[in-house]
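Engineer: Task: produce atomic coordinates for the following.
(one chain, ligands or ions: 1)
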Amino acid sequence: MSALSSVPSPVAGAQDPSLAEPRPAVLIINCGSSSVKFALIGTRRETLILSGLAERLGSPEAQMSWKSGDEKKSKALPDADLVTALHEMLGILPGNIQVVAVGHRVVHGAEAFSHSVRIDADVLAGIERCNDLAPLHNPANLAGIRAAKKVFPATPQVAVFDTAFHSTLPKRAYLYAVPYDWYTTDGVRRYGFHGTSHRYVSSEAARRIGKPLDQLGLITAHLGNGCSASAVEGGRSVDTTMGITPLEGLVMGTRSGDVDPSLHEFMAAKRGWNLERIMKALNRESGLLGLSGVSNDMRTLVEAATAGNERAQLAIDVFAYRLARSISALTAGLSHLDAIIFTGGIGEHSKYVRARTAEHLQVLGVELDAALNDRNGEPGTGRISRAGTRLCLVVPTNEELMIARETLSVIQS
Ligand code: ADP
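Structural biologist: As a prediction, the model looks like this:
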């Protein structure tokens, strides 16, 4: 369940003059190549007022769907571009809402951005300089910022970077063992991603454990379509599985995660493929999808495996084993381990994947409580481990809330 509470049907009262008292809110924008996700969060009680998605932008099938309280709506926006979609979104905001800031999720901030920043011309240029490190994501994020500046010209805009939380990695964790000038000249190093989620669940875990974050050693596993795990010591990321791009590390929905770098040359020789074709295979045709031949979606795979599909079972086995192996390896970055945290769609909902992963973590003293694991965690704490064994928690992530908090803190500072 989201940490954000919902309020009933504010859209229904959108034009109601009795709701005239301004209600400050932060608008969160997460812009992809042809879609934009948005969320509106009230600043007084961190309430999720509205969330939605405009997708297939630029095509005749473009549409916007949104949810407010229990109410769900959608609207066709044929051939709408990003600016049109944001104008449409403006039209569905409750009438009493005052958007005090816009927070943008930006995937790659490289070494230039170790914190969230208020966006100005220099920041835009800085994000643009990171484009070659995230060619699929950063240009789309920039397009979202430019569109939002047109639609909200007088509203402060803040960039919140996926990489920023990992800016505290020590050199021994972020350097690859390649010629050093690859790092100094071309920025070749491990940056890490999903930082907003790792950061949010770390602080939420501290609250649930009842100890100050600065005293805790945690492993956080964010398992969605993309997957990464991090070692978090005293609230600071000290190691993580993703690298210069989000392809490194764990097995993901369609991404391979770690492979032997010589595989590129080997497959080029075997199949006559160029680098672009090989990268497409590693990014889009691998991971759970490539192994199973069934789906990139864990829910579908668990159903298929339960029905006897051996390749689906194999994909889950490899996923869980590789996750456990990475969790064990990440403990090298910690002085002590207080808890292992599962989050993201798979981490929060798949009791089966958590159980399979735990089987490979017995050396770390992990033993799950089957009943608690079945319920996706003890109410209140999210604990899934047996009392007296290594603490394991399910902590739902809330990247929108984290971005809203960051955005507010930047504009207030
Ligand atoms: P994204 O990275 O796109 O935000 P999510 O965090 O929503 O993705 O995670 C999507 C993944 O979570 C999918 O593989 C989906 O199958 C999986 N998932 C969601 N619910 C369940 C469930 N009940 N059991 C197993 N997997 C689930």
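
Engineer: Quick check: buried residues in stretch 325-332?
Structural biologist: 326-327, 330-331 (16 or more other CB atoms under 10 Å). For every residue, glycine as well, the C-beta is placed using N, CA and C.

Engineer: Adding pLDDT, secondary structure and distance to the ligand, write those residues out as JSON lines.
Structural biologist: Putting the buried residues of stretch 325-332 into JSON lines (pLDDT from 0 to 100; DSSP: H, G, I helix; E, B strand; the rest coil; distance: CB to the nearest ligand atom, whole Å) gives the following:
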{"residue": "Ser326", "pLDDT": "98", "secondary structure": "helix", "distance to the ligand": "17"}
{"residue": "Ile327", "pLDDT": "98", "secondary structure": "helix", "distance to the ligand": "18"}
{"residue": "Leu330", "pLDDT": "98", "secondary structure": "helix", "distance to the ligand": "20"}
{"residue": "Thr331", "pLDDT": "98", "secondary structure": "helix", "distance to the ligand": "24"}
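
Engineer: Let me know the closest of those residues to Ala221.
Structural biologist: Ile327 (6.6 Å; CB to CB).

Engineer: Help me confirm that the closest one comes into contact with Leu361.
Structural biologist: Yes - look at Ile327 against Leu361 with CB atoms under 8 Å: they come within range, at 6.4 Å.

Engineer: and the strand or helix carrying Tyr200, anywhere near the ligand?
Structural biologist: According to DSSP states H and E, Tyr200 maps onto helix 195-209. No - Helix 195-209 lies apart from the ligand when judged by CB under 6 Å from any ligand atom; the minimum separation is 8.8 Å.

Engineer: part of a strand, is Leu247?
Structural biologist: No - counting by DSSP: H, G, I helix; E, B strand; the rest coil, Leu247 is not part of a strand but coil.

Engineer: and Gly52, what helix or strand is that in?
Structural biologist: Residue-wise, Gly52 maps onto strand 47-55 under DSSP H and E.

Engineer: what do you get for Arg299?
Structural biologist: Since the elements are taken from DSSP H and E, Arg299 ends up inside helix 298-306.

Engineer: For that helix, list every residue counted as buried.
Structural biologist: Those would be 298, 301-302, 304-305, for helix 298-306 by 16+ other CB under 10 Å.

Engineer: circling back: which strands and helices sit next to the helix holding Tyr200?
Structural biologist: strand 217-223, strand 227-233, strand 236-240, strand 339-343, strand 392-394, helix 399-412 (3 or more CB pairs under 8 Å, 6 or more residues apart in numbering; DSSP states H and E).

Engineer: Which one of the ones you listed lies nearest to the ligand?
Structural biologist: Distance to the ligand, taken as CB to the nearest ligand atom, is lowest for strand 217-223 among the helices and strands packed on helix 195-209, at 7.1 Å.

Engineer: In the stretch 251-400 of the chain, what residue lies closest to the ligand?
Structural biologist: Closest point on the stretch 251-400 of the chain to the ligand, by CB to the nearest ligand atom, is Gly345, at 2.1 Å.

Engineer: Which pLDDT value goes with that residue?
Structural biologist: As predicted, Gly345 sits at a pLDDT of 96.

Engineer: correct me, but it touches Gly226?
Structural biologist: No - counting by CB under 8 Å, Gly345 does not reach Gly226; the two are 10.5 Å apart.
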